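Visitor: pasting the structure only:
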């Protein structure tokens, strides 16, 4: 079975541009989360979506937005890129029951490495 | 607020040695979940183990074992007979059980180098 897939693998942008990152969860997983990992740090939570609704948002500016599609894939959009947005962006999916109890492990993709020049 | 501290930034061991990675967490919640992830140079975070806050039984899974002590808010991870393939950055993470909350709070990671 395919794991979490992310595209593109690498991306180079310049300041002020916008970017769209894509994620396909593991088949059957309805929850998708996005994380930003700056070099040398642990991942930081950006968004979580479940059943196409935003269920959680981390401490990121409004330049960051996301959405989830009916097939549970997701996009992360970042506008007005800054040098500080250079990072590895990780997508994670998890199998989540109706109870929304969060003990299911999140399974991560390989990430998109975004470089801002 | 939740916080995870991994005091060890980098550890080097010789192959076949045992190594323990430390993790200390802070949370006000009574029910929460703790995880260990491995991140090889390729970048993918690989799920290793999970522990519920209400289950303090320590376990062994192959070469991995973990020591969860609620009294000291620690969740340490041990690799026995380390191998070169174990070289990676290891992250400890915390997630509370509040409905609708799925965010993982990660530590800064411990880089493990296993020398042949």
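Guide: Perfect, thanks for sending it. For clarity, every value in this text was computed on a predicted model and none was experimentally measured.
Visitor: residues in contact with the residue most central in space within chain A?
Guide: Geometric centre of chain A, nearest residue: residue A:34, 2.6 Å, by Cα atoms, centre = their mean. Going by Cβ atoms under 8 Å, 6 or more residues apart in numbering or on different chains, residue A:34 touches A:21, A:23, A:45-48, A:66, A:74, A:76, A:89-92. Quick note: C-beta positions are derived from backbone N, CA and C, even for glycine.
Visitor: next one: phi and psi at residue A:69?
Guide: Main-chain torsions, residue A:69, degrees, to the nearest 10: phi -100, psi 170.
Visitor: Compute the number of surrounding residues for it.
Guide: 13 (other Cβ atoms under 10 Å in any protein chain shown).
Visitor: Grab the nearest non-local neighbour of the residue nearest to the centre of chain A.
Guide: residue A:46 (4.3 Å; Cβ to Cβ, 6 or more residues apart in numbering or on different chains).
Visitor: List only buried entries from the contacts of residue A:34.
Guide: A:21, A:23, A:45-48, A:66, A:74, A:76, A:89-92 (16 or more other Cβ atoms under 10 Å in any protein chain shown).
Visitor: export the contacts of residue A:34 to TSV and tack on secondary structure and pLDDT?
Guide: Converted to TSV, the contacts of residue A:34 look like this (DSSP: H, G, I helix; E, B strand; the rest coil; pLDDT from 0 to 100):
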residue	secondary structure	pLDDT
A:21	strand	98
A:23	strand	97
A:45	strand	92
A:46	strand	94
A:47	strand	89
A:48	strand	89
A:66	strand	97
A:74	strand	97
A:76	strand	98
A:89	strand	97
A:90	strand	96
A:91	strand	96
A:92	strand	93
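Visitor: Let me know whether the worst-scoring helix or strand of chain A on mean pLDDT sits next to chain B.
Guide: Least confident helix or strand, chain A: strand A:53-57 with a mean of 86, by mean pLDDT, DSSP states H and E. Yes - on the criterion Cβ under 8 Å from any Cβ of the partner chain, strand A:53-57 is in touch with chain B at A:55, A:56.
Visitor: Perfect, that will be all.
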